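Fold the following for me, if possible:
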Amino acid sequence: MIELTLYGRTYCHLCDDMKNALEPLRRGFSFVLHEVDVDSDPALEARFDELVPVLMTGAPATPPEDARELCHYFLDVQAVQAWLTAQSAHN
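So this is what the prediction gives:
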């Protein structure tokens with residue numbers, strides 16, 4: 001199963017924009033999108049601060065050293081599509 005985690009804030013319009021921009025990719029790829037509010041955890045708030053939204057590979061429980069940042073602020077469609085294509089080839 002391919003998993004992505006979107007770290008953001010509830011009042012963040014860029015976070016909503018990134019989530020909405022991911023929807024067209026669901027037509028070509030099967031993946032689970034986890035959403036995490038960084039303000040719900042002081043460690044996440046310190047880690048991401050004003051960088052949100054951040055799209056990371058893996059689930060929220062994936063160790064930071066095993067997760068890869070695909071993009072932040074705005075969806076990098078080419079980077080995410082390339083990563084999803086590579087993951088689909090392995091599954």
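
now Y11: how far from T62?
26 Å (Cβ to Cβ, to the nearest Å). C-beta: built from backbone N, CA, C; applies to glycine.

and those two? which has more neighbours close in?
T62 (15 against 9; other Cβ atoms under 10 Å).

Could you double-check that D39 sits in contact with Y7?
No. Contact criterion Cβ atoms under 8 Å: D39 and Y7 do not qualify, at 10.3 Å.

When these two are compared, which one has more neighbours?
Comparing D39 with Y7 by other Cβ under 10 Å, the one with more neighbours is Y7, at 24 against 15.

need the helices for the protein, in chain order.
In the chain, the helices defined using DSSP state H lie at 13-22, 42-48, 77-90.

For D49, grab the count of nearby residues.
9.

bridging residues for the residue nearest to the spatial centre of the chain?
Geometric centre of the chain, nearest residue: L55, 2.4 Å, by Cα atoms, centre = their mean. L55 has these beta-bridge partners by DSSP bridges: L6, C71.

Quick one: residues contacting it.
L55 is in contact with L4, T5, L6, Y7, M18, L22, E69, L70, C71, H72, L75, V80, counting by Cβ atoms under 8 Å, 6 or more residues apart in numbering.

To F29, which of the helices of the chain lies closest?
Taking Cβ to Cβ, helix 77-90 is the member of the helices of the chain nearest to F29, at 4.4 Å.

got the buried residues for that closest one?
V80, W83, L84, Q87 (16 or more other Cβ atoms under 10 Å).

tell me the least confident of these?
Within the buried residues of helix 77-90, Q87 has the lowest pLDDT, namely 93.

Once you drop chain neighbours, what's closest to that one?
I2 (4.8 Å; Cβ to Cβ, 6 or more residues apart in numbering).

I'd say that neighbour and L33 touch.
No. Taking Cβ under 8 Å as the definition, I2 is not a contact partner of L33, at 9.8 Å.

residues of stretch 29-38 that come out buried?
Result for stretch 29-38 [16+ other Cβ under 10 Å]: buried residues F29, F31, V36, D37, V38.
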